[in-house]
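1. Here is a sequence together with a model predicted from it:
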Amino acid sequence: MAIDFTLAPEHEEIRRRVRAFIQETVIPAVKGFDDEERVTSREEYIRVILELRGKAQAEGLWLPHMPKEWGGMGLGHVELAMVQSEAAKTRLGPWILNCAAPDEGNMHTLLHWGTDEQKEKYLRPLLQGVKMSCFAMTEPEVAGSDPTLIRTHAVKDGDEWVINGHKWFISNARRASFAILIAKTELDMPEGARGANTAFLVDLPQEGWKDVREVETMHGSTGHSEIVITDLRVPDSQILGGRGNGHRLGQYRLGPARLAHCMRWISQAETALDMMVGRALSRYSHGSLLAEKQGIQWLIADSAMELYQCKLMVLHAASKIDKGEDFRTEVSMAKHFVANSLNRIVDRAIQVHGALGYSTDTPLAHMFQHARWARFADGADEIHQMRIAERTIAAYRATGSTNAATGGLPL
């Protein structure tokens with residue numbers, strides 16, 4: 001039976017190299033400004049991380065998610081899981097390897113949907129690390145979990161489209177050289193129709209695209225912009241993936257992107273668990289170490305079991321993507337479970353650290369603020385639960401068994 005959780009020797013070597021690069025080169029270099037809000041010199045910050053990007057390229061640790069013919073490492077999703085989890089030991093790690101959101105998802109999207117001309121103009125600079133991008137779909141007036149409801153609309157005017165609308169939480173918009181913008185083009189279609197939206201490539205900055213503000217969140221200003229679009233003109237040649245394919249393109253982009261988030265979240269959860277155990281082994285209270293107290297042991301045990309489940313779910317979902325199988329249910333399950341586990345494990349780590357964990361003397365407080373976002377990013381918990389339930393019911397109706405909806409595993 002072909003169930004093997006070991007990596008091929010060449011991939012184990014890649015993991016070792018990524019781990020060494022992150023631990024020995026990246027983390028020491030970014031110490032002191034891994035939290036962008038604490039950067040004292042913006043120029044020094046930019047200089048250091050660009051130098052690190054150059055070192056990543058020189059080490060052959062660049063674009064792990066992209067094919068070799070496009071300058072990447074050519075890794076499958078299972079191998080990518082180990083790279084992402086190692087890179088995410090520091091917030092800047094994925095960006096330094098050029099496999100961070102939203103550029104990572106946009107690279108996949110352009111590679112799959114772009115014309116040759118679009119790939120050269122937009123994909124190539126992303127891969128080279130000389131430009132950045134954003135993905136503009138979410139709107140404040142409608143539920144972000146249902147992109148068929150978006151109100152931003154495009155009207156054909158000769159060889160151009162005139163676009164009007166309102167977007168927000170557009171990550172990376174202020175740094176982006178272009179946007180993949182989702183707008184409704186089939187205005188006569190009923191609400192909820194999946195063929196009504198179209199993706200456009202928009203060069204930035206451009207008249208008609210106004211970056212109103214960075215939305216302040218519970219962990220500060222984070223690069224998530226609110227955008228007002230007024231009479232923005234885009235040539236017909238800037239359609240990405242064909243007219244009416246905006247919904248399909250968005251869903252294609254989000255599937256693997258959700259799993260990539262999970263890979264990075266597992267790294268954060270493991271860091272929190274390591275810190276939890278380290279604290280329990282060093283803190284003495286009421287006659288013994290915290291590690292010897294049953295209540296603390298339960299927190300550790302629950303976290304270890306959840307992390308084990310997270311890793312298995314991500315690896316299995318990644319293997320289904322690599323095999324070309326339908327992975328939607330498994331990715332939904334992984335995204336929901338890993339996001340919630342991350343929140344619980346970081347919360348337990350804070351509890352074991354006590355007041356120290358609540359302070360910003362350790363990274364746990366910031367990790368907890370960022371972790372809360374995970375439960376609605378790329379699909380809220382409840383949307384994933386709804387889809388998982390729908391597919392479970394459909395599997396039973398089709399076969400009289402729910403096995404296909406629980407991984408289709410041989411047990």
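-> Structure's in. What do you need?
2. surely residue 73 meets residue 59?
-> No. Between residue 73 and residue 59 there is no contact under Cβ atoms under 8 Å: 10.8 Å. Quick note: C-beta positions are derived from backbone N, CA and C, even for glycine.
3. For these two, indicate the residue with more neighbours.
-> Comparing residue 73 with residue 59 by other Cβ atoms under 10 Å, the one with more neighbours is residue 73, at 20 against 14.
4. With adjacent residues omitted, what lies nearest to that one?
-> Spatial nearest neighbour of residue 73, chain neighbours left out: residue 64 (4.4 Å); criterion: Cβ to Cβ, 6 or more residues apart in numbering.
5. Count the residues that sit near the one you found.
-> Other residues near residue 64 come to 24 when the count uses other Cβ under 10 Å.
6. Phi first, then psi, for it.
-> The phi/psi pair for residue 64 (degrees, to the nearest 10) reads phi -60, psi -20.
7. So which residues of the stretch 51-200 of the chain form strands?
-> Remark: strands assigned in the stretch 51-200 of the chain by DSSP state E, counting those that start in this stretch are 133-136, 153-157, 160-171, 178-184, 197-203.
8. Against which helices or strands is the third one packed?
-> Taking 3 or more Cβ pairs under 8 Å, 6 or more residues apart in numbering; DSSP states H and E as contact, the helices and strands that strand 160-171 lies on are strand 133-136, strand 153-157, strand 178-184, strand 220-235.
9. between it and strand 178-184, how many degrees?
-> Interaxial angle of strand 160-171 relative to strand 178-184 (axes from the mean of the first three to the mean of the last three Cα atoms, to 10 degrees): 110 degrees.
10. sorry, back to before: which neighbours do residue 73 and residue 59 share?
-> Overlap of the contact sets of residue 73 and residue 59 (by Cβ atoms under 8 Å, 6 or more residues apart in numbering) is empty.
11. domain assignment for the protein?
-> 9-100, 133-240, 248-406 (automatic domain parsing).
12. would a markdown table of those domains with mean pLDDT be doable?
-> A markdown table is the format used below for those (pLDDT from 0 to 100):
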| stretch | mean pLDDT |
| --- | --- |
| domain 9-100 | 90 |
| domain 133-240 | 94 |
| domain 248-406 | 95 |
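13. Just put the helices and strands packed on strand 160-171 in a markdown table and tack on distance to residue 356.
-> Formatted as a markdown table, the helices and strands packed on strand 160-171 follow (distance: least, Cβ to Cβ, whole Å):
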| stretch | distance to residue 356 |
| --- | --- |
| strand 133-136 | 37 |
| strand 153-157 | 51 |
| strand 178-184 | 42 |
| strand 220-235 | 21 |
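14. now those as CSV including distance to residue 401 and mean neighbour count?
-> Listed next are the helices and strands packed on strand 160-171 as CSV, based on distance: least, Cβ to Cβ, whole Å; neighbours: other Cβ atoms under 10 Å:
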stretch, distance to residue 401, mean neighbour count
strand 133-136, 38, 27
strand 153-157, 44, 16
strand 178-184, 37, 26
strand 220-235, 43, 17
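15. Identify whichever of the ones you listed lies nearest to residue 323.
-> Comparing the helices and strands packed on strand 160-171 by their distance to residue 323 (Cβ to Cβ), the top pick is strand 133-136, with 26.6 Å.
16. Moving C-terminal from the lengthiest helix in the chain, which element do we reach first?
-> In the chain, with assignment by DSSP state H, the single longest helix is helix 246-282. Downstream of helix 246-282, the first helix or strand assigned by DSSP states H and E is strand 284-285.
17. strands paired with the next helix or strand after that next one, and their directions?
-> Per DSSP H and E, the first helix or strand lying C-terminal to strand 284-285 is strand 288-289. Taking DSSP bridges as the criterion, strand 288-289 forms sheet pairs with strand 284-285 (antiparallel).
18. Quick one: residues in contact with the partner strand.
-> residue 290.
19. Restricting the selection to alpha carbons, write the helix or strand containing residue 382 to CSV.
-> Residue 382 is part of helix 381-399 when elements are defined by DSSP H and E. Output in CSV follows, covering the C-alpha atoms of helix 381-399 (Å, rounded to 0.1, in the frame of the first residue of the first chain):
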residue,chain,number,x,y,z
ASP,A,381,-15.4,28.9,9.0
GLU,A,382,-19.1,28.7,8.5
ILE,A,383,-18.8,28.8,4.6
HIS,A,384,-16.4,25.9,4.7
GLN,A,385,-18.7,24.0,7.1
MET,A,386,-21.6,24.5,4.8
ARG,A,387,-19.6,23.2,1.7
ILE,A,388,-18.3,20.3,3.7
ALA,A,389,-21.8,19.3,4.8
GLU,A,390,-23.1,19.7,1.2
ARG,A,391,-20.5,17.4,-0.2
THR,A,392,-20.9,14.9,2.6
ILE,A,393,-24.7,14.7,1.9
ALA,A,394,-24.0,14.5,-1.9
ALA,A,395,-21.6,11.7,-1.4
TYR,A,396,-24.1,9.7,0.6
ARG,A,397,-26.9,10.3,-1.9
ALA,A,398,-24.6,9.2,-4.7
THR,A,399,-23.2,6.1,-3.1
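20. And that helix, what's buried?
-> 383-384, 387-388, 391, 395 (16 or more other Cβ atoms under 10 Å).
21. before we move on, what about stretch 284-299?
-> Going by neighbour count (16+ other Cβ under 10 Å), the buried part of stretch 284-299 is 290-291, 296, 299.
22. so how far is the first residue of that stretch from its last?
-> Its first and final residues considered, stretch 284-299 spans 17 Å by Cα to Cα, to the nearest Å.
23. Need the three-state assignment for the closest residue to residue 398 other than its chain neighbours.
-> Distances taken as Cβ to Cβ, 6+ apart put residue 404 closest to residue 398, at 7.8 Å, once the chain neighbours are dropped. Assigned with DSSP: H, G, I helix; E, B strand; the rest coil, residue 404 falls in the helix class.
24. Would you confirm that residue 404 contacts residue 397?
-> No. If you go by Cβ under 8 Å, residue 404 and residue 397 don't touch, sitting 11.0 Å apart.
25. residues in contact with the residue positioned nearest the centre of the chain?
-> In the chain, the residue lying closest to the centroid (Cα atoms, centre = their mean) is residue 261, at 3.6 Å. For residue 261, the contacting residues are 101, 335, 339, 374, 377-378, by Cβ under 8 Å, 6+ apart.
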